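Colleague: Please work out how this folds:
(one chain, ligands or ions: 1)
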Amino acid sequence: MKSAVVLTLAFVLSITVNFSFSKTVFLDDFEKDTVGQSPSKWVGCPEEGTVAKDPKEQKNQVMLLNETSADCAIVADTDDLEEYFAEWDWLWEDGARCHSMAIHWQKKGEFYHFSRRTDGSSWGIWARSGGAWPGAFVMGNSPYELNKWYRLQVYVNGPEIVGKMKERDDKTPFDKIDSFIEMHGEDKRFKKGKFGPNEGWGAAFMDNVLIYIGEPSKAVKQEGKLTATWGEIKVSE
Ligand SMILES: [Ca+2]
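Modeller: Now for the predicted structure:
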């Protein structure tokens, strides 16, 4: 009888584990890279990013984002992804220009553009295609300050994109935070691709990039302080 209970418990646990499937597909904190060079785990337009010292903490290495072309992006070296979560730390020194991420990047000039605007609170998701910005797509609102680290999350599923943000050291897990911008198939031209920064006008910085598929990992859900979260994720890498 006892062994039957144990077997039943093991079976239930295995189902639970299967239902909470999660897989990290990309992780980078730039600590193994060389300052002044492009980061080693990124492709696309590598000239768009340079490894640099964190302006807030000199012993930490980050990616300095350089603008060279609205059609270029330095993207995480993953397979082309259709459904995933991406999270990253982001800091902007220059508020006079936009800062953006490319979503579903497969080649230069063709991708969705997830963009922080210049007025201190508005955001947008557009398509970049054929050297233009075809169509008016979605706008969102989330106030931000310059010279401060934020943590962003996008959930991407084909032409559906949901964005969330919080201050980097905020302990609230993302599943308890409301989205501030959502696109639900308003444009359907891009269905899968790679993810990474597209515009970094002036000085902007990025760190602790995590891309995963499936459920948010236990570490991400339960740990608030990013440093603790990041430590746990790296141990299980
Ligand atoms: Ca770092």
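Colleague: what's the burial count for the closest residue to the ion within the chain?
Modeller: At 4.0 Å from the ion, residue 29 is the closest residue in the chain, using C-beta to the ion. Yep, even glycine has a C-beta here, placed from its N, CA and C like the rest. Counted with other C-beta atoms under 10 Å, the neighbours of residue 29 add up to 18.
Colleague: and what of residue 74?
Modeller: By the criterion of other C-beta under 10 Å, residue 74 has 27 neighbours.
Colleague: Just the pLDDT for it.
Modeller: Residue 74 carries a pLDDT score of 96 in this model.
Colleague: I'd assumed residue 42 was in contact with it.
Modeller: Yes. When contacts are counted by C-beta atoms under 8 Å, residue 74 is listed as touching residue 42 (4.9 Å).
Colleague: Need the overlap of contacts for the two.
Modeller: 49, 63, 196 (C-beta atoms under 8 Å, 6 or more residues apart in numbering).
Colleague: Ranking by neighbours, what's the top pick from the residues you listed?
Modeller: Counting neighbours by other C-beta under 10 Å, residue 196 leads the shared contacts of residue 74 and residue 42 with 29 neighbours.
Colleague: For that one, list each beta-bridge partner.
Modeller: Legend: beta-bridge partners of residue 196 under DSSP bridges are residue 102.
Colleague: check which helix or strand covers the nearest residue to residue 29 once chain neighbours are set aside.
Modeller: The shortest distance from residue 29 to any non-neighbouring residue, by C-beta to C-beta, 6 or more residues apart in numbering, is to residue 208 (5.4 Å). Using DSSP states H and E, residue 208 sits within strand 204-214.
Colleague: What helices and strands are in contact with that strand?
Modeller: Applying 3 or more C-beta pairs under 8 Å, 6 or more residues apart in numbering; DSSP states H and E, one finds that strand 204-214 contacts strand 22-28, strand 49-54, strand 57-65, strand 83-92, strand 194-200, helix 226-235.
Colleague: sorry, back to before: assess the claim that the residue nearest to residue 29 and residue 90 are in contact.
Modeller: No. When contacts are counted by C-beta under 8 Å, residue 208 is not listed as touching residue 90 (9.9 Å).
Colleague: Flag the helix or strand of this protein with the lowest per-element mean pLDDT.
Modeller: Lowest by mean pLDDT, DSSP states H and E among the helices and strands of the chain is helix 218-222, with a mean of 45.
Colleague: Let me have the helices and strands packed on strand 204-214 in TSV, extended by mean pLDDT.
Modeller: Formatted as TSV, the helices and strands packed on strand 204-214 follow (pLDDT from 0 to 100):
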stretch	mean pLDDT
strand 22-28	93
strand 49-54	96
strand 57-65	96
strand 83-92	97
strand 194-200	90
helix 226-235	49
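Colleague: ok so, going back, what is in contact with residue 208 and residue 90 at once?
Modeller: Counting by C-beta under 8 Å, 6+ apart, the contacts common to residue 208 and residue 90 are residue 151.
Colleague: Helix, strand or coil: sort out residue 175 for me.
Modeller: Under DSSP: H, G, I helix; E, B strand; the rest coil, the three-state class of residue 175 is helix.
Colleague: so how far is residue 119 from it?
Modeller: To residue 119, residue 175 is 29 Å away according to C-beta to C-beta, to the nearest Å.
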